[in-house]
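> After the sequence you'll find the predicted model.
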Amino acid sequence: MTRHRLRLTARRLLVAALAVFAVGASAPAAGAFTVLSQPDSSPAVPIAESNLPPPGRRLSPDQVLAIAARVPEIHRLATQYPGSYAGAYLKGSDRWQVSTFTRDGTKEIGQVLIADHTGRVLEAWTGFQVAWTMARGYPGAFGHSVDAVYIWIPLLLLFCFPFVDWRHPRRLLHLDLLALCSFSVSLAFFNHANIGLSVPLVYPPLIYLLVRMLMIAGPGRRRTGSVPTARLHLNVSRTWFVVAIVFLVGFRIGLNVENSNVIDVGYAGVIGAHRIVHGESLYGHWPASNPHGDTYGPVSYEAYVPFVAVFGWSGRWDDLPAAHAAAIVFDLLAIGLCFLLGRRVRGPTLGLALAFAWAANPFTLFALDSNTNDTLVAVLVLVALLVATGKRVRPEARGVTAALAGLTKFAPLALAPLLATHGLAGPLRRRALLVARFAIAFAVCFAVVSLPALTHNSLRTVWEDTLVYQANRGSPFSVWGLYGGLGPVQAVVEVAAVVLALALAVLPRAPGTVGLAAAGAAILLGLQLGVDHWFYLYIPWFLPLVMLALLGGYREGGARLGAVGARAADGWPGGVKAVAG
């Protein structure tokens, strides 16, 4: 194939990808009647049926009930739910809300917002979009302008550009990059409230990446050989990476400060830190503005303490400068840790490539500009990997970092067996002793960081507000919650994820940092396949591990990757030897 044909093929693929994204971006909102606006957070005040308008209003309760009844989605509810009834509510100063309930009044099944001055239906929702306002596609609900096409698509192209080998278009790495980018198609449908498409579109890339990580980790197979022979083609130099990272860091911080918002997750971090600082109970009886913000591990709140100490909290869900500062610091730490891990494997160029991959990826920016704690999860997982892949085996340090990572959003707890057994060699007695030291350090750290919670709360309260709540809440953001009736299949997936985490900890697999990153990413991906509630903010949890696994196994190519020979044993299956666990 000539170079002209290669470029033509590449352009066609790019046009096709952008067309798919554009289709998602223009998809109609599922269940929405008309124009989407920002969510109205003003309380709904019930008002009795009457043909007289209340003071200051043009419409009467009876009129708005009649308007809502004519909405096709609401009209169908009367047939689907015999005995259902509607009630009128004042919403702010110029709107009405009409809510439809089941016969027993226990569940709201329809909701209509009506403009008082025109009688126009602004929004109409049924199904899960009644309770889940985040499923309604309100523009800017997550990160304000971060998911705008003029920001998102250039970042996707920039993210892929250094790693695309135009002369060898059939490289598997290109498919890997496409899988990572394909989450954007799902996000485009999500942004327009088309949950019926956005949810199932998440699973193909999750499954593909899981398979790829297992291919790299190679569980159950011993590998021997020499330095990897495949070359990593880079289109840019180290200097280009440095300049790009500096630019991207400035852009990310500027966008966060000027045009981002704090969602409930970051707000929860501020509330929890405020409670710790003032000696209040960490779990239970949270403010009405974030009643279930106490669903995370204690580290998710303790990490915000320095920022609340510096910036304070007004007691309201305002701009929350402490949450912005925390998100920016977490993001900078993630970039630095990506560099350190990459440098350990293949030298400074790979370190710069991984740091750039984080800084250019739009999903990490999505987490940054939503000001959540999800980047903190990635940071602590990366720290755990750095500690576990040091020159000396330090089981106590591994146990501490594993506990810290696990007590954020709990999913990283599944990495503990892998981190405990990684790289252990020698007699069985010695390995058992090292694992025991890991377990003791893990337990001690677990107890220490749990003190702010257990000082005021019982273990039962913590358990019910965190893991029990997360396990029992229904969510349409997974195939399990969206479709229903898949309980047995979900149970199989969940058991398989646990078995995978244990198997990767004990079976022979790829050695070194790359093998550990691939195994860790596989575990996190397996867990995410089985959860009831999945969201795009979880992508940064596994993204740096996936990129390290994908890029770390190549030898120097178009740009120098550093001391390959010196790092051969640390990087790739096919290095010096395989290890059990």
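Everything's here; your move. Small disclaimer: the values here were computed from a predicted structure and weren't measured.

> Please enumerate the helices of the stretch 451-581 of the chain.
451-454, 459-463, 469-472, 479-483, 487-506, 512-530, 539-551, 568-571 (DSSP state H, counting those that start in this stretch).

> The stretch 1-150 of the chain now?
Using DSSP H, counting those that start in this stretch, helices in the stretch 1-150 of the chain cover 3-25, 61-69, 72-80, 128-131, 149-160.

> re the thing from before, which of the helices of the stretch 451-581 of the chain sits closest to Leu65?
Closest of the helices of the stretch 451-581 of the chain to Leu65 is helix 479-483, at 30.7 Å (criterion: Cβ to Cβ). Any C-beta I mention is one placed from the backbone N, CA and C, and that applies to glycine too.

> That closest one: how far from the chain's middle?
18 Å (Cα atoms, centre = their mean, to the nearest Å).

> oh, and call the first residue 10 from now on, that's how I've got it
Sure thing, new numbering starts at 10, so read that last one as helix 488-492.

> Pull out the buried residues from that helix.
By neighbour count on 16 or more other Cβ atoms under 10 Å, the buried set for helix 488-492 is 488-491.

> Could you do stretch 500-515 as well?
Applying 16+ other Cβ under 10 Å to stretch 500-515 flags 502-503, 506, 509-510, 512-514 as buried.

> And these, which is closest to Thr475?
For those, the nearest to Thr475 is Glu503 (17.5 Å; Cβ to Cβ).

> For that closest one, give me the pLDDT.
Each residue has a pLDDT score; the one for Glu503 is 95.

> pretty sure it contacts Gln537?
No - counting by Cβ atoms under 8 Å, Glu503 sits too far from Gln537 to count as a contact (11.1 Å).

> List of residues touching the helix or strand hosting Arg284?
Assigned by DSSP states H and E, Arg284 falls within helix 273-286. Contact partners of helix 273-286, identified using Cβ atoms under 8 Å, 6 or more residues apart in numbering, comprise 271, 289-291, 295-296, 298-299, 302-305, 309-314, 316-318, 322, 326, 329, 331-332, 335-336, 379-383, 461, 546.

> in whatever helix or strand comes next after it, what counts as buried?
Elements were assigned by DSSP H and E; along the chain past helix 273-286, the next helix or strand is helix 308-311. If you call a residue buried by 16+ other Cβ under 10 Å, then helix 308-311 has these buried ones: 308-311.

> With respect to Ala528, which of the residues you listed is nearest?
Minimum distance to Ala528 across the buried residues of helix 308-311 is 22.8 Å, recorded for Val308 (Cβ to Cβ).

> quick revisit: among the helices of the stretch 460-590 of the chain, which comes closest to Ser207?
Ser207 lies closest, by Cβ to Cβ, to one member of these: helix 488-492, at 9.5 Å.

> Got the confidence number for Asp541?
92.

> Give me the neighbour count for it.
16 (other Cβ atoms under 10 Å).

> How far away from the center of its chain is the one helix or strand Asn265 maps to?
For Asn265, the host element (DSSP H and E) is helix 247-267. Mean-position distance between helix 247-267 and its chain equals 21 Å (Cα atoms, centre = their mean).

> ok, and what's touching that helix?
Contacts to helix 247-267, defined as Cβ under 8 Å, 6+ apart, come from residues 154-155, 167, 171, 245, 333, 336-337, 340-341, 344, 357-358, 361-362, 364-365, 368-369, 374, 377-378, 380, 568-569.
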